[in-house]
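> the sequence and its predicted three-dimensional model are supplied below.
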Amino acid sequence: MKQVFQVASFTFREAVRKKAFIISNIIIVVLVALASFFLPRLGNDTQSLGENILGRGEGYECYWIDESGGLLEGSAELLETFMGITVVPQKADQLEDALDLVREDGSRAALTIGPGDPPQITLYTKDFMSPFPISSLAEALNTAYRLNRFEALGYPPAEAREVLLSVLPVEAKTVGEQSMGNWMTGIILMMAMFFMIYYYGYAVAMSVAMEKSSRVMETLIVSAKPPRILLGKCLGAGLLGLAQMTGLLAFAALCKAMLSPDSGEGAALLDLPELSIGRALLILVYFVLGYILFAMVNSVCGAMVSKMEDLQAAMMPSSLIAVASFYGGYLTNLLPGAGENTISTTALIPFTAPFAVPFQLLNKSLPAGLLAASIGSMLVAIAIVSFLSMRIYSASVLHYGGRLRWNDLVKMAKTK
Amino acid sequence: MSLELRQLTKRFGAKTAVDSLSLTMDRPGIYGLIGTNGAGKTTTIRMTLGMLPIDEGSAAWNGKPVPKSGLRYGYMPEERGIYAKTGVLGQLTYFGQLRGLGRQGAATAATQWLERLGVAEYAKMQAEKLSKGNQQKIQLISTLLHDPELLFLDEPFSGLDPLNAQLFHELLQDLARQGKYIILSSHQMSTVEEYCREITLLHKGKTLLQGNLREIKAGYGHTKLLLSAPEEALALAGEFGLRRGEQRAEDTVFHLPKDGDAQCEAFLRKLLGLNILPAKFVLSEPTLHEIFIEKVGIDEARKGGEAA
């Protein structure tokens, strides 16, 4: 065990000394500080921009082609007065010119109101990302249409107008556990988890491949058994990842306290998560187990090659597994259609669990049985993968020459 | 104390890398494991140290398998393996710790060795910035840090300049005097000849020759006469059955017939009788290289070297 800690300590110290580590940390720290300062304020800017547009009629422009014969009379004024949209009347033969203008700018739209009752209404916008307030426009058109219908039925225009323009105050509240802060933290955590697991797992593979290609391995394995070296490497890189993540989260919390405003929609994006100690520990467990699982797989990739330039190709399968697992977890958490069965499945698959479950832990209660089964499946997978990895690592560290093939690895795994 | 290999065999697929090798080293000194590249020297060391599984036979140090950990042995691999980007003292301390020393003890031992080998000024420097010879010294230090009793040095002299080779030479002699057991593996037979009391000569995994080097050579008797004398003297050698060979800068080599000492003596008497005093008249035993060539034939010896 002493040798495991010696290898871990050396791995940790060597990684910390590397310029790449220092520079990447400086970049991350600067990004976190900038995000803490600007993100909440950007959110507030968006809000005030919206108010300006709606309040002073700036920004949105609608080319208006009305062939209804006055069926929607007053709707253009309604849009200009209440919605702040600039309406530009056009003739039917000017539609193509109007569409050309719409293609250039997402804040423009072209509207055609056809003949007949009810009229066929078509709204053209640049693309699906266009910010043009389609629903507001539809609401204004419907209001104008209903107003005209009421007037045609003989209702007094002023009363009809008052009724149709009256608005009920509706306050939306949620009863679930998900808050904006937890949701954002969940997404950031998923990405950080992927970065840490992938980056530090990759670091283990790099370290193994470097020691093999530089022949340091021959010096090492006469001093310590290969499994101890492997465990020490995984431990050292994992502790570094954990220390880095903890340090960055602490720094982010400090930046949030010192640089972010206390209120506003944008500030809510950076709210600290509401999290019990138990759930925080569970998230830590998932990070540790996920890291060990991927580090063990990656160590085999490192031991398969004799030259550093072969490492990328050797790591392709494990990289694909990592990326697919990440997206499995990501989509499970963020796609609105994902149900309990999907969540349970990703929680039970050892490779997707470290990405899927922490987000769930932040945003909802998971059944204890599911959590136990999920952690159990990861432990079983780690035991199997570690057993195979250590065997293959021990047998392959002195293999030089061409990259090992999969059937070579199978043979090594079978060899005692 | 003794190192004993019995019928050690290793196969890689259909190829037998080491075939039933047995050797015993039962007193301190330097034992030579020699052969061309691919002869099986490194494989033998790796099996002895447990780095490779043994297919047949056994390897024992004091009757027990060579231990994986502890302070008992040191190994300097043929391919130099040090961390290129890591400081010299830092990595030596790490290697020392892995061999059972405490952090402080490893650092102290490393510093002492760095001073002894004249590389203390590079202690803080990244290893990749050192010359090849100095990197080799670092590698040797990592082998000696923990004061091992049994040492395996795989091609320790390759790439060394004459000054560093001399330094290594003195160090090895010193270690041997201190009672260390040193297995020196090399394909440079002149090197082994200079250092080793006993040898095993391997060729394609088979033991070609084994025993006390002096006795082996004595068994061959004198095979050459190295003569430096005027040309008229050289011309007379043929009369005594001496076959003229290579002309070297400082002498001429003559090959002796079997049991040719008597002819040499008669030849020398003849020269002295003619008042010719040779500047050099040396009867020589065959070199290890010549014995090797004699054993396997020149073509086979070349093939062995090329195969590596």
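Perfect, thanks for sending it. Numbering: from 1, shown residues only, chains lettered A, B, ... in the order given.

> which residues sit against the strand or helix carrying residue A:317?
Residue A:317 belongs to helix A:316-334 when assigned by DSSP states H and E. Contacts to helix A:316-334, defined as CB atoms under 8 Å, 6 or more residues apart in numbering or on different chains, come from residues A:186-187, A:190, A:194, A:197-198, A:201, A:205, A:294, A:297-298, A:301, A:338, A:342-343, A:346, A:349, A:351-357, A:359-360, A:363. All C-beta atoms are positioned from the backbone trio N, CA, C, and that covers glycine.

> do a quick rundown of the strands in the chain.
Using chain A here. In chain A, the strands defined using DSSP state E lie at A:61-66, A:86-89, A:108-113, A:121-125.

> wait, chain B
According to DSSP E, the strands that chain B contains are B:3-12, B:15-25, B:29-34, B:56-61, B:73-76, B:150-154, B:181-186, B:198-203, B:206-212, B:224-228, B:243-247, B:252-255, B:280-284.

> for those, which one sits closest to chain A?
Chain A lies closest, by CB to the nearest CB, to one member of the strands of chain B: strand B:73-76, at 4.5 Å.

> packing partners for the closest one?
Secondary-structure packing of strand B:73-76 (3 or more CB pairs under 8 Å, 6 or more residues apart in numbering or on different chains; DSSP states H and E): helix B:132-144, strand B:150-154.

> which of these sits most buried?
Burial of the helices and strands packed on strand B:73-76 is given as mean neighbour count (mean count of other CB atoms under 10 Å in any protein chain shown); strand B:150-154 ranks first at a mean of 24.

> show residues contacting that one.
Outside strand B:150-154, the residues touching it (CB under 8 Å, 6+ apart) are B:3, B:41-42, B:45, B:48-49, B:61, B:66, B:72-78, B:140, B:143-144, B:172, B:175, B:180-185.

> and the strands of chain B as CSV, adding mean pLDDT?
Listed next are the strands of chain B as CSV, based on pLDDT from 0 to 100:
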stretch, mean pLDDT
strand B:3-12, 91
strand B:15-25, 91
strand B:29-34, 91
strand B:56-61, 90
strand B:73-76, 88
strand B:150-154, 90
strand B:181-186, 91
strand B:198-203, 90
strand B:206-212, 89
strand B:224-228, 93
strand B:243-247, 92
strand B:252-255, 94
strand B:280-284, 93
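
> just send the ones you listed back as a markdown table, with distance to residue B:236 too.
What follows is the strands of chain B, written out as a markdown table (distance: least, CB to CB, whole Å):
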| stretch | distance to residue B:236 |
| --- | --- |
| strand B:3-12 | 51 |
| strand B:15-25 | 46 |
| strand B:29-34 | 38 |
| strand B:56-61 | 55 |
| strand B:73-76 | 51 |
| strand B:150-154 | 47 |
| strand B:181-186 | 40 |
| strand B:198-203 | 37 |
| strand B:206-212 | 35 |
| strand B:224-228 | 10 |
| strand B:243-247 | 11 |
| strand B:252-255 | 11 |
| strand B:280-284 | 13 |
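
> chain B contacts on the stretch 151-300 of chain A?
Near chain B, the residues belonging to the stretch 151-300 of chain A are A:211, A:214-225 when assessed by CB under 8 Å from any CB of the partner chain.

> my read: residue B:130 touches residue B:87, true?
No - with contact defined as CB atoms under 8 Å, residue B:130 and residue B:87 do not form a contacting pair (11.0 Å).

> residue B:54: how many residues sit nearby?
18 (other CB atoms under 10 Å in any protein chain shown).

> over to residue B:86?
Look at residue B:86: counted by other CB under 10 Å, it has 19 neighbours.

> then residue A:228?
Close neighbours of residue A:228, defined as other CB under 10 Å, add up to 23.

> just to check, it is in contact with residue A:7?
Yes - using CB under 8 Å, residue A:228 makes contact with residue A:7 at a distance of 6.8 Å.

> could you identify the pair within the residues of the stretch 151-300 of chain A next to chain B that is furthest apart?
Greatest spatial distance in those: A:214 and A:225, 20.0 Å, computed using CB to CB.

> higher neighbour count, the two?
A direct count of neighbours by other CB under 10 Å for residue A:214 and residue A:225 places residue A:214 higher, at 20 against 17.

> and the more buried one, how far is that from residue A:294?
Relative to residue A:294, residue A:214 is positioned 24 Å away (CB to CB, to the nearest Å).

> which elements pack onto the longest helix anywhere in chain B?
Counting residues, the longest helix found in chain B (DSSP state H) is helix B:162-177. Helix B:162-177 sits against strand B:29-34, helix B:132-144, strand B:181-186, helix B:189-195, with contacts defined as 3+ CB pairs under 8 Å, 6+ apart.

> quick check: angle from that helix to helix B:132-144?
Angle, helix B:162-177 to helix B:132-144, by axes from the mean of the first three to the mean of the last three CA atoms, to 10 degrees: 10 degrees.

> give me the residues contacting helix B:162-177.
Against helix B:162-177 from outside (CB under 8 Å, 6+ apart): B:28-30, B:117-118, B:133, B:136-137, B:140, B:144, B:151, B:153, B:156-157, B:160, B:182, B:184, B:194-195.

> mind running it again at 10 Å?
Here helix B:162-177 makes contact (CB atoms under 10 Å, 6 or more residues apart in numbering or on different chains) with B:28-31, B:74, B:113, B:116-118, B:131-134, B:136-137, B:140, B:144, B:147-148, B:151, B:153, B:156-161, B:180-182, B:184, B:191, B:194-197.

> restrict these to the buried ones and give me that as a ChimeraX selection.
In ChimeraX, this line selects whichever of the contacts of helix B:162-177 come out buried by 16 or more other CB atoms under 10 Å in any protein chain shown:
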select /B:28,29,30,31,74,113,117,133,134,136,137,140,144,148,151,153,156,157,160,180,181,182,184,191,195,196
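
> could you measure from the residue of chain A positioned farthest from its centre over to residue A:330?
For chain A, the largest distance from the centre (CA atoms, centre = their mean) belongs to residue A:154, which lies 55.4 Å off. Using CB to CB, we find residue A:154 at a distance of 58 Å from residue A:330.

> cool, residue B:8 as well?
In terms of CB to CB, residue B:8 sits 56 Å off from residue A:330.

> try residue B:62
For residue B:62, the distance to residue A:330 (CB to CB) stands at 60 Å.

> who's more crowded, the two?
Applying other CB under 10 Å to residue B:62 and residue A:330 shows that residue A:330 carries more neighbours, namely 19 against 13.

> pLDDT score assigned to the more buried one?
The score at residue A:330 is 86. That number is its pLDDT.

> before we move on, the earlier item: ok, now which ones touch the residue farthest from the centre of chain A?
residue A:160.

> output the lowest mean pLDDT helix or strand found in chain A.
Least confident helix or strand of chain A, by mean pLDDT, DSSP states H and E, is helix A:265-269 with a mean of 55.

> how deep is the closest residue to residue B:101 other than its chain neighbours tucked in, by neighbour count?
Excluding the flanking residues, the one nearest residue B:101 by CB to CB, 6 or more residues apart in numbering or on different chains is residue B:146, at 5.6 Å. When neighbours are counted by other CB under 10 Å, residue B:146 registers 22.

> can you check residue B:124 too?
9.

> how about the nearest residue to residue B:148 once chain neighbours are set aside, what does it touch?
Among residues not flanking residue B:148 along the chain, residue B:74 sits closest, at 3.8 Å (CB to CB, 6+ apart). For residue B:74, the contact set (CB under 10 Å, 6+ apart) comprises A:219, A:222-223, B:99, B:140, B:142-153, B:175, B:180, B:182.

> about what we covered before: OK, contacts around the residue nearest to residue B:101?
A:223, B:70-74, B:95-101, B:105-106, B:109.
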